[in-house]
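**Q** pasted the sequence and its predicted model underneath.
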Amino acid sequence: MLKIYNTLSRRKEEFKPINPPHVGMYVCGPTVYGDAHLGHARAAITFDLLYRYLKHLGYKVRYVRNITDVGHLENDADSGEDKIGKRARLEELEPMEIVQRYTNSYHHNMEQINTLSPDIEPHASGHIIEQQVFTEKILKNGYAYESNGSIYFDVEKYNQKYHYGKLSGRKLEDLISNTRDLEGQEEKRHPYDFALWKKATPGHIMKWPSKWGEGYPGWHIECSTMSTKYLGDIFDIHGGGMDLLFPHHECEIAQSTAALGKESVRYWMHNNLITINGQKMGKSLGNAISLNEIFSGNHRLLEKAYSPMAVRFFILQAHYRSTLDFSNRAIQSSEKGLERLLEGMETLKKIKPATTSTYNPEELSKKCMEALDDDLNTPVLISHLFEGVKQIHLIASGKGSLSADDLQKMKGLYDTFVFDILGLEPEEKQAQSAITEKLVNLLLDLRLEAKKRKDFDTADNIRAHLLENGIEVKDTPGGYEWQWK
RNA sequence: GGUCGGUUGGCCGAGUGGUUAGGCAACGGUCUGCAAAACCGUGUACAGCGGUUCGAAUCCGCUACCGACCUCCA
C-alpha cells in the first residue's frame, strides 16, 4: 500500500485516490526564461518516478505540468519588470521567442534524463481568459479587490474564514510582522496581499486586455486555474519544489478555496533542493549548474562531463525529501554504481537456468515494492537492487543457481524496477560499426594467439592500445570480452 | 528576528527504541602470465551535554553548528 508524505499534515499518509482508478496529478513546471538546471531535473525526476510508479500500480494517471511563460514580477532594482520581458529586451527578441527557445530546451533536457512527458502541458499564456475568469470568481466571492487597475487577493478577509498559512505552518500575525517593505505596494491594503491581475506598466511588453485594462496575470493564479481546469475542482496530488511551498502554494490554496469554496488538493508533495557545497543552488545565487553544462562538462565546478543517466541515478540515490549535496566526487560514485547495476543486469542475461534455485526473486521483489510504497524510498530500493546484484554474481560464478522460472522472474524484476519505474536506461555506447567490431575482434584474436605463445609483451601492448582508444578488454578462461569504456 | 528542517564512518546517503542499509573510495585475500571483472573478508558511524528506558544514533530537554523559507526560484 502506497504511503506518501503530505506536506499539509506533515506526515506519511496512505494514498487513496478520489476517483480510482484515476489519479490527477499537477506539478509546477519551469518558468521558461533560461536553461533547465539540476534543480529542475530533481523535481522532474521525482514526479516522473511517482507517475511511473502510480501507473505501475495500475492507476490511470493524468499528469499535468505547466509551462510558465508569462512574466512574473521580478523583485530587484528593475522592480515591475518581468523576467521574460527583461530577457527579451536584453536579447532583442520577442518574448514568445524566448519562451519557445527555452521550452524546447527544457523538453530536450527532460527527454535526455528520460522523464515521460506529462499528459497535458498547459501554458500560462494560453489560459489568460481562464485566469481572468478565476480572478472574477474570487472577486465575486469577496476575497479580492481592485486597486488602480490591478486585482489583489484580500488575505486578511480570507483569513477570517480560512487559515492562510496552513500549508507552510504560518500564522497571519507572524506574516504581518515579517513582511518586508517592498516598492510599489501602496496599491495593496496589506503588504501580504498578492496580485491576481497586475496592470501593465508602459514598458511592460507581455500584456493582455482585460475588463480591468491592459495587464497580466499574477504570480500564482495560473496554477490554481490550470490545475482545476484539467483535473477538476478537487484532485489528488499537487507537487513541486520545496521552495514553492511559500508563498506560491500557500497562495494557490487560498485562491482555489476563495474561488471554489473548497480546497482543491488532497496530497501536497514537495521535493527538496539540491545544494552545492552545502549551499542552495539557485539562479539568483549564480551557482546553478545547467543540465547542458553537466552533460558537456562545461562549468567551472565540474571536473568532467556527466551523462544524463548518471544525473538521474545520482538524484534517485537520495530520498526526494532530503537535500542532496552535489559534488564531483558524489556524482562520480553514482556513475560507477549505476555501471555496476547495469552490468549486473547484463550478467543476469547470461545465466543459464538450473533445475533448482538458491535464491528467491519474489522476496526481492517484495522488498523493492515496500521501499517504493514507503514514500518513494528510492535509496532503499536501490540498495535492495544491489543486494540482488551480489546474488547474480554469486550465481553467475557457479555458487548458486536459479530455475528457469525464477530466472525469468529475476529478469522481469530488474527490467521493471530499473527501466520501467526508476526510468534508467543503458548508457548509449559509442556507435559500433560492424567493421570496427570485426577489427577489434581480429586484434583480440591475435592477442589470444600471442598469449598462447607466452608473448605477453605483445598481448599487453594490444590491450593498452585498445584501452587508449576507449576499449576495455577483459580476459575470460580461454577467450575475451570487450566493451566501450 | 519569526517559522521549519538538518548534523550518520574518508565521501555520498538510508534507517529510526534491541538485529549488516547501500554505493563510491581504502585495505587484505581468491582468481589471473599480469591486469580487468567477479568473489570472499576487513570499518569500534551516528554533533555535544543531560534525561526517560532493561536497552537510544533513534524518544525528551538544553547547547553548538549548518541550511531552507519569510522576495522570483525546482
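**A** Thanks, I have the structure now. Numbering: from 1, shown residues only, chains lettered A, B, ... in the order given.

**Q** doesn't residue A:26 make contact with residue A:227?
**A** Yes - counting by CB atoms under 8 Å, residue A:26 is a contact partner of residue A:227 at 4.1 Å. All C-beta atoms are positioned from the backbone trio N, CA, C, and that covers glycine.

**Q** intersection of neighbour lists for these two?
**A** Jointly contacting residue A:227 and residue A:26 under the rule CB atoms under 8 Å, 6 or more residues apart in numbering are A:64, A:235, A:238, A:265.

**Q** among the residues you listed, which ones are in strands?
**A** A:64, A:235, A:238, A:265 (DSSP state E).

**Q** and these, which is closest to residue A:130?
**A** Proximity of these to residue A:130 (CB to CB) peaks at residue A:64, which lies at 13.5 Å.

**Q** enumerate every residue touching the closest one.
**A** By CB under 8 Å, 6+ apart, the contact list for residue A:64 reads A:24-27, A:118-122, A:226-227, A:230-231.

**Q** among these, which are located in strands?
**A** Here DSSP E is the test, and the contacts of residue A:64 give A:24-27 as lying in strands.

**Q** spatially, which two of those residues are the most separated?
**A** Farthest pair in the ones in strands among the contacts of residue A:64 (CB to CB) is A:24 and A:27. Separation: 11.1 Å.

**Q** circling back to that earlier point, including neighbour count and distance to RNA strand B, could the ones in strands among the contacts of residue A:64 go into JSON lines?
**A** Converted to JSON lines, the ones in strands among the contacts of residue A:64 look like this (neighbours: other CB atoms under 10 Å; distance: CB to the nearest atom of the strand, whole Å):
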{"residue": "A:24", "neighbour count": "25", "distance to RNA strand B": "19"}
{"residue": "A:25", "neighbour count": "26", "distance to RNA strand B": "14"}
{"residue": "A:26", "neighbour count": "29", "distance to RNA strand B": "12"}
{"residue": "A:27", "neighbour count": "25", "distance to RNA strand B": "8"}
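
**Q** return the residues in contact with whatever residue of the stretch 251-400 of chain A ends up closest to RNA strand B.
**A** Here the stretch 251-400 of chain A gets closest to RNA strand B at one residue, residue A:337, 2.5 Å apart by CB to the nearest atom of the strand. Neighbour list for residue A:337: A:313, A:317, A:386 [criterion: CB under 8 Å, 6+ apart].

**Q** give me the buried subset of those.
**A** Neighbour-count burial (16 or more other CB atoms under 10 Å) applied to the contacts of residue A:337 gives A:313, A:317.

**Q** now render the contacts of residue A:337 as a markdown table, adding distance to RNA strand B and pLDDT.
**A** Listed next are the contacts of residue A:337 as a markdown table, based on distance: CB to the nearest atom of the strand, whole Å; pLDDT from 0 to 100:
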| residue | distance to RNA strand B | pLDDT |
| --- | --- | --- |
| A:313 | 9 | 96 |
| A:317 | 6 | 94 |
| A:386 | 4 | 93 |
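
**Q** OK, now which residue of the stretch 151-300 of chain A is nearest to RNA strand B?
**A** Residue nearest to RNA strand B within the stretch 151-300 of chain A (CB to the nearest atom of the strand): residue A:241, separated by 2.0 Å.

**Q** need the nearest residue in space to that residue, chain neighbours excluded.
**A** Nearest residue to residue A:241, sequence neighbours excluded (CB to CB, 6 or more residues apart in numbering): residue A:43, at 5.1 Å.

**Q** quick check, the one you found in a strand?
**A** No - Residue A:43 is assigned helix when assessed by DSSP: H, G, I helix; E, B strand; the rest coil, not a strand.

**Q** if I read this right, it contacts residue A:27, doesn't it?
**A** Yes - using CB under 8 Å, residue A:43 is in contact with residue A:27, at 7.1 Å.

**Q** so what sits against both of these two?
**A** Residues touching both residue A:43 and residue A:27 (CB under 8 Å, 6+ apart): A:239-240.

**Q** tell me where the stretch 251-400 of chain A has helices.
**A** All helices of the stretch 251-400 of chain A, identified by DSSP state H, counting those that start in this stretch, fall at A:291-296, A:308-316, A:328-350, A:361-373, A:378-396.

**Q** ranking the ones you listed by burial, who's on top?
**A** Of the helices of the stretch 251-400 of chain A, the one with the most neighbours on average (mean count of other CB atoms under 10 Å) is helix A:308-316, at a mean of 24.

**Q** which other helices and strands contact that helix?
**A** Other helices and strands packing on helix A:308-316, by 3 or more CB pairs under 8 Å, 6 or more residues apart in numbering; DSSP states H and E, are helix A:38-56, helix A:291-296, strand A:324-326, helix A:328-350, helix A:378-396.

**Q** how far away from the center of its chain is it?
**A** Computed by CA atoms, centre = their mean, to the nearest Å, the separation of helix A:308-316 from the middle of its chain amounts to 11 Å.

**Q** what's stretch A:409-417 in contact with?
**A** Stretch A:409-417 has contacts (CB under 8 Å, 6+ apart) with A:56, A:345, A:348-349, A:359, A:361-362, A:364-365, A:368, A:381, A:385, A:388, A:392, A:402.

**Q** now do the contacts for the closest residue to residue A:148 other than its chain neighbours.
**A** The spatial neighbour of residue A:148 that comes closest, neighbours along the chain excluded (CB to CB, 6+ apart), is residue A:187 at 5.1 Å. Residue A:187 makes contact with A:147-148, A:150, A:152, according to CB under 8 Å, 6+ apart.

**Q** do the same with residue A:85
**A** By CB under 8 Å, 6+ apart, the residues touching residue A:85 are A:71, A:95, A:204-206.
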